[in-house]
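Asker: Fold the following.
(one chain, ligands or ions: 1)
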Amino acid sequence: MKVDNWEHYYSVRPVFMGKIIDSHAHIGRHDNRNYSKSDLDIFVKSELPNKDSVEKMIVSNLDVLHGIKDEFEGNKAALETFKDSKSYALLASCNPKDGDISKIEKLFKEYPNDFVGLKFHSDIQQLNLADKRYEPYMKFASDNNLPCLFHSQVNTFQDGKVNPGVRHISDPESIYTLAKKYPKTPVVMAHLGAGWREAHDKATDILVESIKKGDANLYADVSWVDIDDAQTHIVNAIKRLKGIGDKDWTYGDQSCRLMFGTDAPLARFQGNDAIKTYTDFIERIKTSIRNDKDLMPEADKIIDDLFYNNAKKLYLTKKQTPTTEQPPRSKYKALLWALAAAIAVISGITIYKSKHSDSKR
Ligand SMILES: [Zn+2]
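Answerer: Residues are numbered from 1 along each chain as shown. Predicted coordinates:
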């Protein structure tokens, strides 16, 4: 069934009205505006016009990214703002350029269960992703099993082609290089490589490359994906993450690596049309998934995963903290080596003793 009009679609086919997790939202100062909880409440407090409901927004404080507030006080302020609402989860914003990992350590020590990951923005801070100041933060994320959300952006020309001459400071390739040093730590490329047209192909290529090589744990969110044609890029990314059309694909369904997000309440998600723009963005994506001949058979599942399950699994499901304990197999191996060493030592002593007594004779 071709879907041309979402209102008509729902009137003829009763479907599960979706729960939504918006995995990318903000409060704080940006572009001479100060965004507060009330700018986000409009999305979560009532049902959207398409009957979807935003169950949770995952928020980070721009004040910390801009260095207006420090990493302890700024993130604590965000926590106090949202502490009484179940509709929000928080990422701890980081400022590797001017901040200090001890502030983040103190934050997680005082509030061990209140932040679901870390947020970075190399553009705002103009800090190259190869800079060693990211390392203590990434190590902290790795030790504590925290997903890290990075602003990502590709340099494109006016026509949407990638500019190969100048790599953007937040280029997905640079994020990938950093992520490879912490291969188990989930690293989310926000905006699927913002820019437009080929920018998203480049980010998707890197996601696919990391899956094939198995050398990083990359994800992406769809906030700011090409405003004119977001749906095409998102459908394309889902298909590639499922290996559709790739005869060498042996990696199963990896579409869990892509999740819904908007960057609300920035830019187009404010003002009188905010709810309409937000709902239209959701519906354009859903409609494209339902209309794609490869995705159509499992469209409802793909939609639930993209808009809800994937973010829930990554950010909101308690993970086991990695331990340094050896797995049973290597324990067994270690035991065998110890036994072999003991036998070697005992037989050495026996030979020595027997030679020694021989020479005495
Ligand atoms: Zn953002």
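Asker: domains in the protein, as residue ranges please.
Answerer: Here the domain parsing of the chain from automatic domain parsing is 6-315, 325-361.
Asker: Could you say which of those domains is packed most deeply?
Answerer: Across the domains of the chain, averaging neighbours per residue (mean count of other CB atoms under 10 Å) puts domain 6-315 on top, at a mean of 19. Using the backbone N, CA and C atoms, a C-beta is placed for each residue, glycine as well.
Asker: so for that domain, what's the average pLDDT?
Answerer: For domain 6-315, mean pLDDT rounds to 93.
Asker: Looking at strand pairing, list the partners for residue 217.
Answerer: residue 186 (DSSP bridges).
Asker: contacting residues around it?
Answerer: Contacts for residue 217 (CB atoms under 8 Å, 6 or more residues apart in numbering) come out as 179, 183, 184, 185, 186, 187, 210.
Asker: can you check residue 234 too?
Answerer: 192, 222, 225, 258, 285, 288, 289, 306.
Asker: separation between residue 204 and residue 240?
Answerer: To residue 240, residue 204 is 6 Å away according to CB to CB, to the nearest Å.
Asker: Sorry, slip of the keys, the one I care about is residue 90.
Answerer: 31 Å.
Asker: Could you do residue 133 as well?
Answerer: 33 Å.
Asker: Can you show me the strands along the chain?
Answerer: 19-30, 33-35, 53-61, 88-93, 117-120, 148-153, 186-194, 217-221, 258-259 (DSSP state E).
Asker: can you put those in a markdown table and add distance to residue 73?
Answerer: Listed next are those as a markdown table, based on distance: least, CB to CB, whole Å:
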| stretch | distance to residue 73 |
| --- | --- |
| strand 19-30 | 12 |
| strand 33-35 | 16 |
| strand 53-61 | 10 |
| strand 88-93 | 11 |
| strand 117-120 | 16 |
| strand 148-153 | 21 |
| strand 186-194 | 24 |
| strand 217-221 | 27 |
| strand 258-259 | 29 |
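Asker: So which of those strands is nearest residue 248?
Answerer: Checking these against residue 248 by CB to CB gives strand 217-221 as the closest, at 19.0 Å.
Asker: starting at the chain centroid, how far to the closest one?
Answerer: Chain-centre distance of strand 217-221: 5 Å, with CA atoms, centre = their mean, to the nearest Å.
Asker: again with stretch 238-248
Answerer: With CA atoms, centre = their mean, you get 20 Å for stretch 238-248.
Asker: ok, now stretch 72-91?
Answerer: How far stretch 72-91 lies from its chain's middle: 19 Å, per CA atoms, centre = their mean.
Asker: Please save the CA atoms from that stretch in PDB.
Answerer: Only the C-alpha atoms of stretch 72-91 are listed here, as PDB (Å, rounded to 0.1, in the frame of the first residue of the first chain):
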ATOM      1  CA  PHE A  72      30.200  19.900  37.500                       C
ATOM      2  CA  GLU A  73      28.000  22.900  38.100                       C
ATOM      3  CA  GLY A  74      26.500  23.000  34.600                       C
ATOM      4  CA  ASN A  75      25.500  19.400  34.500                       C
ATOM      5  CA  LYS A  76      24.300  19.500  38.100                       C
ATOM      6  CA  ALA A  77      22.100  22.500  37.200                       C
ATOM      7  CA  ALA A  78      20.600  20.500  34.300                       C
ATOM      8  CA  LEU A  79      19.900  17.600  36.700                       C
ATOM      9  CA  GLU A  80      18.100  19.900  39.100                       C
ATOM     10  CA  THR A  81      16.000  21.300  36.300                       C
ATOM     11  CA  PHE A  82      14.800  17.900  35.100                       C
ATOM     12  CA  LYS A  83      14.900  15.800  38.400                       C
ATOM     13  CA  ASP A  84      11.200  15.700  38.900                       C
ATOM     14  CA  SER A  85      10.300  14.600  35.400                       C
ATOM     15  CA  LYS A  86      10.400  11.000  34.000                       C
ATOM     16  CA  SER A  87      10.200  12.500  30.500                       C
ATOM     17  CA  TYR A  88      13.900  13.400  30.400                       C
ATOM     18  CA  ALA A  89      17.200  11.700  30.600                       C
ATOM     19  CA  LEU A  90      20.500  13.500  30.700                       C
ATOM     20  CA  LEU A  91      23.900  13.300  29.000                       C
END
